[in-house]
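Chemist: fold the following and give me the result.
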Amino acid sequence: MSAPTVTSVTAASPAARAGLAVGDELLSIDGHEPRDVIDFQRLADGDDIDVVIRRAGAALPRRVRVGKAAGEPLGVEVSSAVFDRIRTCDNHCAFCFIYQLPKGMRRSLYLKDDDYRLSFLYGNFTTLTRFTELDAERILTERLSPLFVSIHTTDPELRAHMLRNPKGATSLRWLEVLLDGGIEVHGQVVVCPGVNDGAALETTMAGILDRFPALASVGVVPLGLSRFSTESEMRPHTPDEAAAVLDTVTAWQRVSRRALGRRLVFASDEYYLMAGRALPPDSHYEGYPQHENGIGMARAFTRAFLRPTGEGPGGVRHGFFAAVDAAPAEGYRAPRLAGGPAGAPRPAGADDRPVCILTGAFGAQVLGPLVAGHPRTDVEVRAVVNDYFGGTIGVAGLLTGADLGRATATIPEGVRCLVPDACLNEGRFLDGSTLADLPRPVEVVPSDGASLRRALDGMSFRPGCAS
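Modeler: Just a heads-up that it's a prediction; the model follows:
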């Protein structure tokens, strides 16, 4: 197990007063070796703690007494979320996006985890196939919630087939344990055409309502297929198949509302776009519990664009790639752009230059009607073709620097180019490139409707830090 390394120390904090410094390894806190940032924050929450550190160049570790009040922040951030080994996934799902990544990307992106701690910290979905009694005991004792669980199907044989792991047939028993223990859990069903749709999806909906009615929410999402997929069984949804999934979800929402008083299950925005159907109203999403899973994101964006002074959606924020990069202890969330909040507005006069909004194919379907209704007539919404991943990938969050570079190279000088912060993580695109690698400057705008509305109304945003 590697010790957490201090990456920053807050001025005038207990850690700063005690002399802790960037680069120090925290070997123990009050005699306990933290396994992860969850342990770290729990141990560091006490008053007057003893920390054993190893400092670069020092011959031996040394003990540091940190005077602080209980609950007072220690004032340090550490280098990672997990200090022992991340629990990797032993499934081999044909629809797994990790298997569909091209070679040459950042090494961290190829990490395939099935670790309940990353589910708690980042909202990653876990299949529970590597879950143990000790894991359940810790979650129930420390009340680690919410968690996110991949269900896919409640048919044991089909689940084992989809996960390509015999443990998939039985691992949902742990979901019952967690729910019986009062843990908030959100589920997910990735629908693969010809595999777990149709009658199989009906069976899954019935099984969820029968066995797991205490789930906080269930998201039904389509598989994402890149051009690098080698699985012959996997194929995109047709519009009719997308419509059939929506019909199934809608029918089971009615059943759930009668049985539980809430919808429980929700279809992703992509299904509405693929089927050519209108998005449901704001009230349909019941607080947007899976907003960051692409469920209700388009409706929330539209609402915020039309009413930029209103409150944003609720729900639990999480991101697909966030967990495999550096994780500061505070808030458990790495910033999308190094050097400050993504797209933080700077004081500026109104900017009346023409605007080109660069987004993915799905985003363009949502933004087009909104921009058409805006008073400005010099705004273009450009759907950037995702040549890097290809296939059915049309979400803005998977746009790369290479694709954006080709798109921005054709935009005339004097036009403001706006790109969503969702395609950046700590200042880098998924292909490893940065803002500095683009052929022209762009403005990075937070991925919410209110921020885009402010940008169109003339507010400038920082280009972001490309380091």
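Chemist: strands of the stretch 101-250 of the chain, start to end?
Modeler: Ranges of strands in the stretch 101-250 of the chain, per DSSP state E, counting those that start in this stretch, are 147-150, 185-191, 217-222.
Chemist: export those to CSV and tack on mean neighbour count, distance to G391 and mean pLDDT?
Modeler: Just so you know, the C-beta spots here come from the backbone N, C-alpha and C atoms, and that holds for glycine as well. Putting these into CSV (neighbours: other Cβ atoms under 10 Å; distance: least, Cβ to Cβ, whole Å; pLDDT from 0 to 100) gives the following:
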stretch, mean neighbour count, distance to G391, mean pLDDT
strand 147-150, 24, 21, 96
strand 185-191, 23, 15, 98
strand 217-222, 24, 12, 98
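Chemist: out of those strands, which gets nearest to M105?
Modeler: M105 lies closest to strand 185-191 among the strands of the stretch 101-250 of the chain, at 21.7 Å (Cβ to Cβ).
Chemist: hmm, who's touching the closest one?
Modeler: Defining contact as Cβ atoms under 8 Å, 6 or more residues apart in numbering, one finds that strand 185-191 is touched by 95, 125, 145-153, 175, 178-179, 196-197, 201, 204, 208, 212, 214-223, 237, 245, 289-290, 293, 316.
Chemist: do that again at 6 Å, thanks
Modeler: Residues outside strand 185-191 that contact it (Cβ atoms under 6 Å, 6 or more residues apart in numbering): 95, 125, 146-152, 178, 197, 215-223, 245.
Chemist: ok, stretch 141-160 next?
Modeler: With contact meaning Cβ under 6 Å, 6+ apart, stretch 141-160 is reached by 119-120, 123, 125, 127, 162, 166, 168-169, 175, 183-190, 196, 203-204, 207, 316.
Chemist: now, of those residues, which are buried?
Modeler: 119-120, 123, 125, 127, 162, 168-169, 175, 183-190, 196, 204, 207, 316 (16 or more other Cβ atoms under 10 Å).
Chemist: okay, now the nearest residue to D47 once chain neighbours are set aside: neighbour count?
Modeler: Take D47 and drop its neighbours on the chain: the residue closest to it by Cβ to Cβ, 6 or more residues apart in numbering is A70, 4.1 Å away. By other Cβ atoms under 10 Å, 9 other residues sit near A70.
Chemist: give me the three-state assignment for A70.
Modeler: Three-state call for A70 (DSSP: H, G, I helix; E, B strand; the rest coil): coil.
Chemist: what residues are up against R376?
Modeler: Here R376 is in contact with L456 (Cβ under 6 Å, 6+ apart).
Chemist: and with 8 Å instead?
Modeler: By Cβ under 8 Å, 6+ apart, the residues touching R376 are 355, 456.
Chemist: can I assume it sits in a strand?
Modeler: No. Looking at R376 with three-state DSSP, it is coil, so not inside a strand.
Chemist: for H186, see how far away it is.
Modeler: 38 Å (Cβ to Cβ, to the nearest Å).
Chemist: can you check Y110 too?
Modeler: 25 Å.
Chemist: R143 now?
Modeler: The spacing between R143 and H186, counted by Cβ to Cβ, is 16 Å.
Chemist: list the residues that contact L264.
Modeler: By Cβ under 8 Å, 6+ apart, the neighbours of L264 are 208-209, 213, 215, 217-218, 252-253, 256.
Chemist: which one of the residues you listed is nearest V78?
Modeler: Out of the contacts of L264, the member with the shortest distance to V78 (by Cβ to Cβ) is S217, at 31.1 Å.
Chemist: can you name the residues bridging to that closest one?
Modeler: Note on S217: beta-bridge partners H186, judged by DSSP bridges.
Chemist: then the one 5 residues further on?
Modeler: P222 has the following beta-bridge partners by DSSP bridges: V191.
Chemist: please work out the average pLDDT along stretch 276-284.
Modeler: Averaged over stretch 276-284, pLDDT sits at 95.
Chemist: so D50 sits in a strand?
Modeler: Yes. Under three-state DSSP, D50 sits within a strand.
Chemist: count of residues packed around it?
Modeler: Counted with other Cβ under 10 Å, D50 comes out at 13.
Chemist: what's the end-to-end length of stretch 136-151?
Modeler: Counting by Cα to Cα, to the nearest Å, the length from the leading to the trailing residue of stretch 136-151 is 18 Å.
Chemist: hang on, I meant stretch 94-112
Modeler: 13 Å.
Chemist: name the residues that touch it?
Modeler: So stretch 94-112 is contacted by 86, 88-89, 93, 162, 164, 190, 192, 223-226, 228-231, 233-234, 320-321, 324-325, 388-389, 391, 428, 430-432 (Cβ under 8 Å, 6+ apart).
Chemist: filter those down to the buried ones.
Modeler: By 16+ other Cβ under 10 Å, those give 86, 89, 93, 162, 190, 192, 223-226, 229, 234, 320-321, 324-325, 388-389, 391, 428, 430-431 as buried.
Chemist: inside helices: which ones of the residues you listed?
Modeler: Filtering the buried ones among the contacts of stretch 94-112 for membership in helices, criterion DSSP state H, returns M162.
Chemist: format the strands of the stretch 101-250 of the chain as TSV; extra columns: distance to V355.
Modeler: Shown next, in TSV, are the strands of the stretch 101-250 of the chain (distance: least, Cβ to Cβ, whole Å):
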stretch	distance to V355
strand 147-150	36
strand 185-191	35
strand 217-222	31
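Chemist: minimum distance to V395: which of those has it?
Modeler: strand 217-222 (11.0 Å).
Chemist: for the closest one, packing partners?
Modeler: strand 185-191, helix 239-260, strand 265-267, helix 269-275 (3 or more Cβ pairs under 8 Å, 6 or more residues apart in numbering; DSSP states H and E).
Chemist: ok, and which of these has the densest surroundings?
Modeler: Comparing these by mean neighbour count (mean count of other Cβ atoms under 10 Å), strand 265-267 comes out on top with a mean of 25.
Chemist: what pairs with that one, parallel or antiparallel?
Modeler: As defined by DSSP bridges, the strand partners of strand 265-267 come to strand 217-222 (parallel).
Chemist: can you tell me what sits against the partner strand?
Modeler: Taking Cβ under 8 Å, 6+ apart as the rule, strand 217-222 contacts 151, 186-191, 201, 208, 236-237, 242, 245, 249, 264-268, 270-271, 274, 286, 289-290, 293-295, 392.
Chemist: all helices of the stretch 251-400 of the chain, in order?
Modeler: 269-275, 297-306, 361-372 (DSSP state H, counting those that start in this stretch).
Chemist: distance to V415 added to those, as CSV?
Modeler: Formatted as CSV, the helices of the stretch 251-400 of the chain follow (distance: least, Cβ to Cβ, whole Å):
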stretch, distance to V415
helix 269-275, 27
helix 297-306, 21
helix 361-372, 14
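Chemist: what about the closest residue to A259 other than its chain neighbours, neighbour count?
Modeler: With sequence-adjacent residues excluded and distances taken as Cβ to Cβ, 6+ apart, A259 is closest to L209, at 6.5 Å. Here the number of neighbours of L209 (other Cβ under 10 Å) works out to 19.
Chemist: now A361
Modeler: Around A361 there are 17 residues (other Cβ under 10 Å).
Chemist: so what's it up against?
Modeler: 383-386, 394.
Chemist: mean confidence score for stretch 91-103?
Modeler: 92.
Chemist: so how far is it from its chain's centroid?
Modeler: 17 Å (Cα atoms, centre = their mean, to the nearest Å).
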